[in-house]
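In: Quick one, structure for this:
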Amino acid sequence: MNKTIVSTEKAPAALGPYSQGVKVGNLLYTSGQLPINEAGELVTDDIKRATTVCLDNVKAILEEAGTTMDKVVKTLVFIKDMNDFAAMNEVYATYFTSNPPARSCVQPAKLPKDALIEIEVIAIVE
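Out: Numbering: from 1, shown residues only. From the prediction side, this is the model:
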């Protein structure tokens with residue numbers, strides 16, 4: 001099976017030696033997306049805005065690979081403060097309105113750049 005690297009200028013460039021996304025067979029694996037907006041700024045003041053930016057970055061990578069949010073089968077959400085879960089979930093639900101993917105959500109000790117949130121996904125590419 002071949003491995004194809006997926007990269008788009010519509011999402012932040014990798015901060016290290018990794019790819020925005022990797023397609024293997026009919027699955028796309030994205031790297032965790034921080035809430036870095038189009039201006040290259042980290043959103044640090046509001047979990048709802050940060051969640052929106054993360055998911056828009058994920059969406060851009062999916063589109064570059066030829067798939068969509070409705071093809072996401074698994075998400076992993078890293079959230080700085082689990083007290084922000086309800087607010088994050090409110091935004092998250094607008095991106096997955098029907099047949100939502102499986103999901104894990106954890107509060108790690110610290111995220112890169114001390115971000116509020118980071119989101120990665122696995123999606124089907126048809």
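
In: which stretches of this protein form helices?
Out: Ranges of helices in the chain, per DSSP state H, are 47-65, 85-95.

In: just the ones you listed: most buried one?
Out: helix 47-65 (a mean of 22; mean count of other Cβ atoms under 10 Å). (C-beta placed from N, C-alpha, C; glycine too.)

In: helices or strands next to that one in the packing?
Out: Judged by 3 or more Cβ pairs under 8 Å, 6 or more residues apart in numbering; DSSP states H and E, helix 47-65 is in contact with strand 3-6, strand 21-24, strand 27-30, helix 85-95, strand 117-124.

In: what angle do that helix and helix 85-95 make?
Out: 30 degrees (axes from the mean of the first three to the mean of the last three Cα atoms, to 10 degrees).

In: Let me know the pLDDT of the most far-flung residue of the chain relative to its centre.
Out: Within the chain, Met1 marks the point farthest from the mean C-alpha position, 24.6 Å out by Cα atoms, centre = their mean. Looking at Met1, its pLDDT is 82.

In: Which one, of the helices of the chain, ends up nearest to Val121?
Out: Val121 lies closest, by Cβ to Cβ, to one member of the helices of the chain: helix 47-65, at 5.5 Å.

In: thinking again about what came up before, which residue sits closest to the residue farthest from the centre of the chain, ignoring its sequence neighbours?
Out: Sequence neighbours aside, Gly25 is the residue nearest to Met1 in space, at 5.2 Å (criterion: Cβ to Cβ, 6 or more residues apart in numbering).

In: do the same with Asn37
Out: That would be Val53: by Cβ to Cβ, 6+ apart, it lies 5.2 Å from Asn37.

In: what does Ile119 give?
Out: Cys54 (4.4 Å).

In: swap in Leu34?
Out: That would be Ala115: by Cβ to Cβ, 6+ apart, it lies 4.7 Å from Leu34.

In: What is the neighbour count of the one you found?
Out: Residues within reach of Ala115, counting by other Cβ atoms under 10 Å, total 21.

In: That one touches Ala50, doesn't it?
Out: Yes. Between Ala115 and Ala50 a contact is recorded at 7.3 Å, counting by Cβ atoms under 8 Å.
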